[in-house]
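**Student:** fold the following.
(one chain, ligands or ions: 2)
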Amino acid sequence: MRERWESLRGWLLGAELRRPQLQETSFVHQRGGTMALPKKKLQGLVAATLTPMTETGEINFPIISQYVDYLVNEQGVKNVFVNGSTGEGLSLSVAERRQLAEEWVTKGKDKLDHVIIHVGALSLKESQSLAQHAAEIGADGIAVIAPFFFKSMNKDGLIAFLKEVATAAPKVPFYYYHIPALTGIKIRAEELLDGIQDQIPTFQGLKFSDVDLLDFGQCVDQNSHRQFALLFGVDEQLLSGLAMGATGAIGSTYNYLGKKTNQMLEAFERQDLPLALNYQFYIQRFMNYVIKLGLGVAQTKAIMTLVSGIQMGPPRLPLQRASEEFTLGAEAKLKSLESHCFP
Ligand SMILES: CC(=O)N[C@H](C=O)[C@@H](O)[C@H](O)[C@H](O)CO
Ligand SMILES: CC(=O)C(=O)O
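**Tutor:** Ligands and ions are numbered 1, 2, ... in the order given. From the prediction side, this is the model:
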């Protein structure tokens, strides 16, 4: 008994624990030569783009070019995630989704590093046709959300669905978009990832939008050789995601807090944790304020319009535009944070 405890204690004290190689992200993973190499690593921040709309509710396509320049030049964000939740992807028609994907790929050419297109839909056929289209226009990746109507789906069903979509774009890196609070699908990411590349050879990563750091940590731990992009998706808690080994982040706030968040990433990379935490707290002060007022896509559009000066317009029904009270409150909060000018 005593001996067992001694050896257990030896293990717990961790003499044998290896240091995970946090910075050595490698996306180069080929199996059977079926996979085209991603042209470059996906790392750092990815903005989940908003879909600008006119007052009459049509997509405002001419804005995209200005939007690309703003992200790159003002926010230092060179990756985008198009047609996701923030982009109201599930509220757009398939034709609109295609046209918008094309616009981002075209306008982002030579400016953006990665244009990832979310192609998830409830209909497998629609999802496949969007995946195929993303491949044709030269998107850098596709992402898929769980088809959330049948909430009792099991893991095998979900993986089979994802696999069929991935097969429609056999040379395009594939990302699973885990967002249980919106989909209601609680299948743990860690379980889904286990052996997934045997099923989906193009699998390249996960967008993890959940606060369950045990699940996220186990995704990282399972992939300690780091061939996958493990992208954290709860912006106001990103620092904890980084501590747990996130290789990057996708989120709505990187549209307008990209620069601040990049400063946090740099501090973290220099191992200046107190400074990184200060940046996180700065971001949290704003997020906490707007979350309490009620933060959704409509409100994110209002904030982005405010900060960037680019008109994002109203959301599409069933969402309703942000109230004036929200917008004024957000503006006042931003101003007060700026004038206290930390950091
Ligand atoms: C529910 C939702 O939209 N989550 C986004 C990403 O997945 C985040 O970027 C949040 O918008 C952000 O963290 C603010 O809460
Ligand atoms: C955050 C994100 O990835 C989305 O809104 O789709």
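
**Student:** quick check: closest non-adjacent residue to residue 202.
**Tutor:** residue 174 (4.3 Å; Cβ to Cβ, 6 or more residues apart in numbering). Bear in mind the C-beta positions are built from the backbone N, C-alpha and C, glycine included.

**Student:** what's the neighbour count on the one you found?
**Tutor:** 27 (other Cβ atoms under 10 Å).

**Student:** contacts only, for it.
**Tutor:** By Cβ atoms under 8 Å, 6 or more residues apart in numbering, residue 174 lies in contact with 141, 142, 143, 144, 162, 165, 166, 200, 202, 203, 204.

**Student:** from ligand 1, how far out is it?
**Tutor:** 18 Å (Cβ to the nearest ligand atom, to the nearest Å).

**Student:** over to residue 173?
**Tutor:** From residue 173 to ligand 1 the distance is 19 Å (Cβ to the nearest ligand atom).

**Student:** could you do residue 288 as well?
**Tutor:** Distance from residue 288 to ligand 1, by Cβ to the nearest ligand atom: 10 Å.

**Student:** three-state assignment of that residue?
**Tutor:** Classification of residue 288 using DSSP: H, G, I helix; E, B strand; the rest coil returns helix.

**Student:** contact partners for it?
**Tutor:** Applying Cβ under 8 Å, 6+ apart, the residues contacting residue 288 are residue 236.

**Student:** with residue 211 instead?
**Tutor:** Residue 211 touches 234, 237, counting by Cβ under 8 Å, 6+ apart.

**Student:** how would you label it: helix, strand or coil?
**Tutor:** coil.

**Student:** now neighbour count and secondary structure too, for the contacts of residue 174, in JSON lines please.
**Tutor:** What follows is the contacts of residue 174, written out as JSON lines (neighbours: other Cβ atoms under 10 Å; DSSP: H, G, I helix; E, B strand; the rest coil):
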{"residue": "141", "neighbour count": "24", "secondary structure": "strand"}
{"residue": "142", "neighbour count": "29", "secondary structure": "strand"}
{"residue": "143", "neighbour count": "30", "secondary structure": "strand"}
{"residue": "144", "neighbour count": "23", "secondary structure": "strand"}
{"residue": "162", "neighbour count": "24", "secondary structure": "helix"}
{"residue": "165", "neighbour count": "25", "secondary structure": "helix"}
{"residue": "166", "neighbour count": "25", "secondary structure": "helix"}
{"residue": "200", "neighbour count": "18", "secondary structure": "coil"}
{"residue": "202", "neighbour count": "23", "secondary structure": "coil"}
{"residue": "203", "neighbour count": "24", "secondary structure": "strand"}
{"residue": "204", "neighbour count": "24", "secondary structure": "strand"}
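
**Student:** just name the closest of these to residue 252, please.
**Tutor:** Using Cβ to Cβ, residue 143 comes nearest to residue 252 of the contacts of residue 174, at 14.6 Å.

**Student:** contacts only, for that closest one.
**Tutor:** 81, 84, 116, 117, 118, 119, 120, 174, 175, 176, 177, 207.

**Student:** follow-up on the earlier one: okay if I get the contacts of residue 174 as JSON lines plus distance to ligand 2?
**Tutor:** Shown next, in JSON lines, are the contacts of residue 174 (distance: Cβ to the nearest ligand atom, whole Å):
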{"residue": "141", "distance to ligand 2": "12"}
{"residue": "142", "distance to ligand 2": "13"}
{"residue": "143", "distance to ligand 2": "8"}
{"residue": "144", "distance to ligand 2": "11"}
{"residue": "162", "distance to ligand 2": "16"}
{"residue": "165", "distance to ligand 2": "16"}
{"residue": "166", "distance to ligand 2": "18"}
{"residue": "200", "distance to ligand 2": "19"}
{"residue": "202", "distance to ligand 2": "19"}
{"residue": "203", "distance to ligand 2": "17"}
{"residue": "204", "distance to ligand 2": "15"}
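
**Student:** beta-bridge partners for residue 44, please?
**Tutor:** Residue 44 has these beta-bridge partners by DSSP bridges: residue 248.

**Student:** OK, contacts around residue 210?
**Tutor:** The contact partners of residue 210, by Cβ under 8 Å, 6+ apart, come to 178, 179, 180, 181, 189, 216, 233, 234.

**Student:** so what's residue 79 bridging to?
**Tutor:** Bridge pairing for residue 79 - DSSP bridges - gives residue 114.

**Student:** just confirm it contacts residue 49, I think it does.
**Tutor:** No - taking contacts as Cβ atoms under 8 Å, residue 79 lies outside contact range of residue 49: 10.3 Å.

**Student:** so between the two, which is more surrounded?
**Tutor:** Between residue 79 and residue 49, counting by other Cβ under 10 Å, residue 49 is the more crowded of the two (27 against 24).

**Student:** now for that one: which residues touch it?
**Tutor:** Listed by Cβ under 8 Å, 6+ apart, the contact set of residue 49 reads 67, 80, 81, 82, 84, 86, 87, 104, 255.

**Student:** any idea how far ligand 2 is from it?
**Tutor:** Going from residue 49 to ligand 2 by Cβ to the nearest ligand atom gives 8 Å.

**Student:** alright, calling it a day.
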